[in-house]
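Engineer: below is the sequence, then the predicted model.
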Amino acid sequence: MEEHVSEKFSQMFEESLSHIESSFTHLLNSLSMLEEAAEEKDDFFIVLRDIKAIRDSILEFKKLADEKRKMLIVK
């Protein structure tokens, strides 16, 4: 039973890390697009879209971090 719980926890942890990594990758891509848009032209809507994408990535990271914290507290 304990091994099953440990294995399940490890799997959940790996999945969470994967989601966090994906969020950071999205964040970095959004920042790159924001930099490119700023360099090429001052297109307000492109910059606004990228800022919203960055915000969404940060919120997703915060959500995942909160879930991890709760899982560690329960353990």
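Structural biologist: That came in fine, so what should we check first?
Engineer: centre-most residue in this structure?
Structural biologist: Ser23 (2.5 Å; Cα atoms, centre = their mean).
Engineer: what residues sit buried inside the helix or strand where that one lies?
Structural biologist: Here Ser23, judged by DSSP states H and E, is contained in helix 2-40. For helix 2-40, the neighbour count (16 or more other Cβ atoms under 10 Å) marks His19, Ser23, His26, Leu27, Ser30, Met33, Leu34, Ala37 as buried. C-beta: built from backbone N, CA, C; applies to glycine.
Engineer: would you check that the fourth one makes contact with Ile54?
Structural biologist: Yes - taking Cβ atoms under 8 Å as the definition, Leu27 is a contact partner of Ile54 at 6.0 Å.
Engineer: low pLDDT regions in this structure?
Structural biologist: 1-5, 40-43, 74-75 (pLDDT under 70).
Engineer: circling back: and the very next helix or strand once past the helix holding Ser23, what does it pack against?
Structural biologist: For helix 2-40, the following helix or strand on the C-terminal side (DSSP H and E) is helix 44-74. Contacts defined by 3 or more Cβ pairs under 8 Å, 6 or more residues apart in numbering; DSSP states H and E place helix 44-74 against helix 2-40.
Engineer: just how off-centre is the helix it packs on within its chain?
Structural biologist: 5 Å (Cα atoms, centre = their mean, to the nearest Å).
Engineer: and that helix with helix 44-74, angle?
Structural biologist: 160 degrees (axes from the mean of the first three to the mean of the last three Cα atoms, to 10 degrees).
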